[in-house]
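Engineer: mind folding the following:
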Amino acid sequence: MNRLRCITASVVVAVLAVLLSSCGRAGSAWSPAPRVAELLAGPRPAYPPVRFAVITDVHLYDAAALGAEGEAFAEALADDRKMVVESAEIAGEALRMVRESGVRFLAVPGDLTWNGERANHERVAAMFAEVERAGVQVYVVPGNHDVLNPEAAGFGPEGRRSVPGVTAAEFAALYRDFGYGDAVRRDPGSLSYVAEPAP
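Structural biologist: Numbers count the residues shown, from 1 in each chain. Below you'll find the predicted structure:
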């Protein structure tokens, strides 16, 4: 049986190699649009040296505000591999390291909260404000856990209870100081934006 698996794997690898090598001889070449070709041929901009940090998937849960007890909370933790109980402490330590690192910017590309709870967003925003007071500009965008999440919940001895989450407009307002207020351009259909943190 093992020999059959090895032969099958070898055949699959050989077929992939033939397919990939044939792509190289296909004769197709990319040619940019005239405006893009003009930009590519022109002088390159002198970008300033900039240091930045990236923290992603914070999944912060404010246990003091939302509760962290009861059977329903234990079940939620058992079904999730995130370190929810420790998330605020982990985020605090990561942000302390960012403040002390000498970077100018921090990018946080999504999943700021466990399940989009407004209380968690407010706690994260307060933590980012501390980072900005230390001289590091923060830029955020939401992840799939952050906006209009029907799983937004708090926990106590009585069990799981639904708590307020945030809409797209509320997200942009909460994080106005962390990218949305500095946006050069916003995508009208999403929470994507363009910012220019350095000239």
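
Engineer: got the contact list for stretch 61-74?
Structural biologist: 84-85, 87-88, 113-114, 117, 119-120, 123, 153-160, 163 (CB atoms under 8 Å, 6 or more residues apart in numbering). In this view, the C-beta of every residue, glycine as well, is placed from N, C-alpha and C.

Engineer: select only the buried ones of the residues you listed in PyMOL?
Structural biologist: Those of these that count as buried under 16 or more other CB atoms under 10 Å are selected in PyMOL with:
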select buried, resi 84+87+88+113+114+117+119+120+123+153+154+155+160+163
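
Engineer: so residue 187 is in contact with residue 193, correct?
Structural biologist: Yes: if you go by CB atoms under 8 Å, residue 187 and residue 193 touch, sitting 6.8 Å apart.

Engineer: out of those two, which sits in the busier spot?
Structural biologist: residue 193 (17 against 10; other CB atoms under 10 Å).

Engineer: and the more buried one, its phi and psi?
Structural biologist: phi -150, psi 170 (degrees, to the nearest 10).

Engineer: do you know how far the residue nearest to it when sequence neighbours are not counted is from residue 175?
Structural biologist: Of all residues not flanking residue 193 in the chain, residue 183 sits nearest, at 3.8 Å (CB to CB, 6 or more residues apart in numbering). With distances taken as CB to CB, to the nearest Å, residue 183 is found 11 Å from residue 175.

Engineer: look at the two and report which has more neighbours.
Structural biologist: More neighbours surround residue 175 than the other of residue 183 and residue 175, with 25 against 16 (other CB under 10 Å).

Engineer: run through the residues that contact that one.
Structural biologist: Contacts here follow CB under 8 Å, 6+ apart; on that basis residue 175 touches 121, 125, 128, 140.

Engineer: now do the helices in this protein.
Structural biologist: Along the chain, counting by DSSP state H, helices occupy 2-24, 34-41, 63-66, 71-78, 87-101, 118-133, 168-174.
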